[in-house]
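> for reference, the sequence and a predicted model appear below.
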Amino acid sequence: MSSKDAPPPLPEPLGVSVADSHTHLDMQTGTVEEALTKAAAVGVTTVVQVGCDVNGSRWAAETAAAYDAVHAAVALHPNEAPRIVLGDPDGWSRQGAREPGGDAALDEALAEIDALAALPHVLGVGETGLDHFRTGPEGMAAQERSFRAHIEIAKRHGKALVIHDREAHDDVLRVLREEGAPERTVFHCYSGDAEMAKVCAEAGYFMSFAGNVTFKNAQPLRDALAVAPPELVLVETDAPFLTPAPYRGRPNAPYLIPVTLRAMAEVKGMDEEALATAVAANTARAFGY
C-alpha cells in the first residue's frame with residue numbers, strides 16, 4: 001500500500017462527542033463495525049449514512065436499523081435522476097450501463113424512496129438537490145423534478161432534507177423558495193460564500209462543513225464558516241471523499257472528523273469543546289434524534 005492509499009493516523013480524541021452528519025460507509029473499505037469503532041475511539045459517536053440511489057438508500061436504512069450509532073438519509077442523488085430518465089450508456093454510476101427509463105422509471109424510484117423515508121430509523125431525505133457540474137443541460141429537467149419530489153417527501157414524512165448543491169446555488173435556493181423548504185434543511189458539504197451563508201442563516205438552514213474547508217484554496221469557504229451562526233453549523237466527512245488537510249487525497253472516514261472540527265474552531269475563533277458541543281446539539285436538532 002503506497003502512503004497515498006494508507007489510511008491517515010487516528011487524531012487526538014475530541015473532549016466532547018460529535019456526529020459525522022454525512023458519510024458513505026458503503027463506499028469505504030473495511031466493515032461498518034470497524035468504521036464505527038475507530039470513530040467512537042476519537043469521540044465521533046454518531047454517523048448519518050447517506051444513500052445516493054435506491055440500492056444505497058435501502059442499505060442505509062438497513063444499516064441504521066442494525067446499529068444504534070447510525071442514522072439514515074435516503075434519496076436519489078441529483079446526478080442519479082437524469083441517469084434513470086435518460087440512461088447511462090457509459091455506466092458512470094455503480095449500476096453500470098443503463099437504458100433510458102423515462103419519467104416512469106423516475107416515478108418508480110421516487111416511490112421506493114418515499115417508502116423508505118417513512119421508516120422510523122430513516123431521519124433524512126437526501127442527498128438531493130442540483131448539480132450543474134456533472135449534469136449537463138439535457139439532464140436539468142429530470143434533476144429539478146426529482147429535487148422537488150424529494151422536498152415533498154421530506155415534508156410529508158417530517159424528515160430533514162439533505163441538499164447536494166454543486167455550482168447551483170441560485171437554483172437550489174429558488175426551488176426551496178418555490179416549494180417551501182422543510183422545517184429542517186441541511187446544506188451538505190456547504191460550498192457557498194459568505195453572502196450565501198447569510199441567506200441560509202436567515203432561512204434557518206443548517207450548513208454542514210466538510211474536509212475541504214481545510215484546503216489551501218478554500219478561503220471563501222472559511223469566510224462563509226466565519227459568518228455562519230454557531231447554532232446552524234454541522235461537521236461531516238462525506239467520506240471516502242474530501243479528506244481534510246494534511247491528508248488530502250488519502251481515504252477519508254468518520255474518524256477524521258476531529259481534524260476538520262479543529263480547523264473549523266480556529267476559523268470561528270471558538271475553543272474546540274465549545275464548537276463540538278454546539279455541533280453535537282445542532283446535528284441532533286437537524287435530524288431529530
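Sure, I can see it. Numbers count the residues shown, from 1 in each chain.

> for the stretch 51-200 of the chain, which segments count as helices?
Under the criterion DSSP state H, counting those that start in this stretch, the stretch 51-200 of the chain contains helices at 54-66, 80-86, 102-117, 140-157, 169-179, 194-203.

> can you pull the pLDDT of V54?
On pLDDT, V54 comes in at 98.

> dump the helices of the stretch 51-200 of the chain to TSV, plus distance to S93 and mean neighbour count.
Every residue, glycine included, has its C-beta placed from N, CA and C. Compiled in TSV, the helices of the stretch 51-200 of the chain are given as follows (distance: least, Cβ to Cβ, whole Å; neighbours: other Cβ atoms under 10 Å):
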stretch	distance to S93	mean neighbour count
helix 54-66	10	19
helix 80-86	6	25
helix 102-117	13	17
helix 140-157	14	21
helix 169-179	21	17
helix 194-203	28	16
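
> between those, which gets nearest to K216?
K216 lies closest to helix 194-203 among the helices of the stretch 51-200 of the chain, at 18.3 Å (Cβ to Cβ).

> elements contacting the closest one?
Helices and strands touching helix 194-203, by 3 or more Cβ pairs under 8 Å, 6 or more residues apart in numbering; DSSP states H and E, are helix 169-179, strand 206-209, helix 219-227.

> try 6 Å this time
If you count contacts as 3 or more Cβ pairs under 6 Å, 6 or more residues apart in numbering; DSSP states H and E, helix 194-203 packs onto helix 219-227.

> centre of the chain to the helix it packs on, how far?
Centre-to-centre, helix 219-227 and its host chain are 19 Å apart (Cα atoms, centre = their mean, to the nearest Å).

> who are the neighbours in contact with A154?
Going by Cβ atoms under 6 Å, 6 or more residues apart in numbering, A154 touches V125, L161, P182.

> for the closest residue to the first one other than its chain neighbours, give its distance to V50.
Excluding the flanking residues, the one nearest V125 by Cβ to Cβ, 6 or more residues apart in numbering is A154, at 3.9 Å. Counting by Cβ to Cβ, to the nearest Å, the gap from A154 to V50 is 14 Å.

> do the same with M270
27 Å.

> which one's more surrounded, those two?
V50 (28 against 16; other Cβ atoms under 10 Å).

> per-residue pLDDT, the more buried one?
On the pLDDT scale, V50 gets 98.

> how about the nearest residue to it, chain neighbours excluded?
Among residues not flanking V50 along the chain, A73 sits closest, at 4.6 Å (Cβ to Cβ, 6+ apart).

> tell me how many other residues surround that neighbour.
Counted with other Cβ under 10 Å, the neighbours of A73 add up to 32.

> my guess is V42 contacts L256, does it?
No. Using Cβ atoms under 6 Å, V42 makes no contact with L256, being 8.4 Å away.

> those two: which is more packed in?
Taking other Cβ under 10 Å, V42 and L256 do not tie; L256 has more neighbours (28 against 20).

> that one and Q28: what is the separation?
11 Å.

> and the strand ranked longest in the chain with helix 140-157, angle?
Scanning the chain for the longest strand, with DSSP state E as the assignment, gives strand 122-131. Put simply, strand 122-131 runs at 160 degrees to helix 140-157, going by axes from the mean of the first three to the mean of the last three Cα atoms, to 10 degrees.

> strand 122-131 pairs with which strands, parallel or anti?
strand 70-74 (parallel), strand 160-166 (parallel) (DSSP bridges).

> can you dump the C-alpha atoms of that strand in CSV for me?
The C-alpha coordinates for strand 122-131 follow below in CSV (Å, rounded to 0.1, in the frame of the first residue of the first chain):
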residue,chain,number,x,y,z
VAL,A,122,-34.6,7.0,8.5
LEU,A,123,-34.2,10.6,9.7
GLY,A,124,-33.4,12.4,6.5
VAL,A,125,-34.3,12.6,2.8
GLY,A,126,-31.1,13.2,0.9
GLU,A,127,-28.8,13.7,-0.7
THR,A,128,-31.0,15.5,-3.2
GLY,A,129,-30.6,18.9,-4.9
LEU,A,130,-29.0,20.2,-8.0
ASP,A,131,-25.6,19.6,-9.6
